[in-house]
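# Take this sequence and fold it.
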Amino acid sequence: MKTNSVTVGIKTGSENPKLKIVEVTTFRIEGKYTDKRHPDEVTLRRPIEEDLSRRDFTVNAMALSLNNGEEIVDPYGGRDDLESKIIRTVGKSEERFSEDALRLMRAVRFATELGFEIEMDTRRAVEKLSGLLEMIAKERVRDEFIKS
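You can find the predicted model right below:
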């Protein structure tokens with residue numbers, strides 16, 4: 001089934017302003033990113049591992065099991081990277097950043113905001129591909145700065 005994905009915001013009741021609303025998005029896989037920001041095509045899919053394979057960083061590629069809500073699905077070592085305070089891409093760094101150039105800024109923001117280190121291959125790709133940021137709408141760049 002080819003469609004747009006669905007994202008909803010859920011109020012958590014948290015006092016932390018960054019956690020007051022959590023976004024939840026349908027499982028999906030994405031086609032090519034010819035504009036370096038949005039997928040050309042989105043297909044709703046299962047299993048969760050396929051969805052996690054398209055995430056930007058290992059720390060964002062984890063989920064709770066739909067079966068019991070207690071088991072963490074972590075095929076890319078996100079828990080280890082959280083414990084080690086490392087930002088690392090899922091898969092090949094250059095490929096991941098070429099799909100969506102805003103991820104370059106997200107890597108730096110996460111590292112700065114969380115006090116994490118950027119893994120060396122990921123860091124090299126950020127430096128090499130930084131010119132792709134020129135393709136990102138200024139509003140999106142502004143929004144990324146505001147989040148920090």
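
# alpha carbons only for contacts and neighbour counts from here, please
Noted.

# Run through the helices of this structure in chain order.
Assigned by DSSP state H, the chain shows helices spanning 48-52, 78-84, 93-99, 102-114, 120-129, 138-147.

# Which strand residues bridge Ile86?
Note on Ile86: beta-bridge partners by DSSP bridges are Glu117.

# That one and Met120 touch, don't they?
No - if you go by C-alpha atoms under 8 Å, Ile86 and Met120 don't touch, sitting 9.8 Å apart.

# So these two - more neighbours on which side?
Neighbour count, other C-alpha atoms under 10 Å: between Ile86 and Met120, Ile86 has more, with 22 against 12.

# how close does the residue nearest in space to the middle of the chain get to Glu144?
In the chain, the centroid-proximal residue (C-alpha atoms, centre = their mean) is Asp56; its distance is 3.6 Å. Going from Asp56 to Glu144 by C-alpha to C-alpha, to the nearest Å gives 15 Å.

# Residue ranges in this structure under the pLDDT threshold?
The chain contains residues with pLDDT under 70 at 1-7, 17-19, 22-33, 35-39, 41-46, 65-69, 148.

# again, only using 90
Applying pLDDT under 90 to the chain flags residues 1-55, 63-73, 113, 135-148.

# contacting residues for Phe110?
Phe110 makes contact with 87, 116 under the criterion C-alpha atoms under 8 Å, 6 or more residues apart in numbering.

# my bad, should have said Leu64
70-73.

# likewise Ala125?
93-94, 97.

# just Arg106 next, same as before
Arg106 touches Glu144, counting by C-alpha under 8 Å, 6+ apart.
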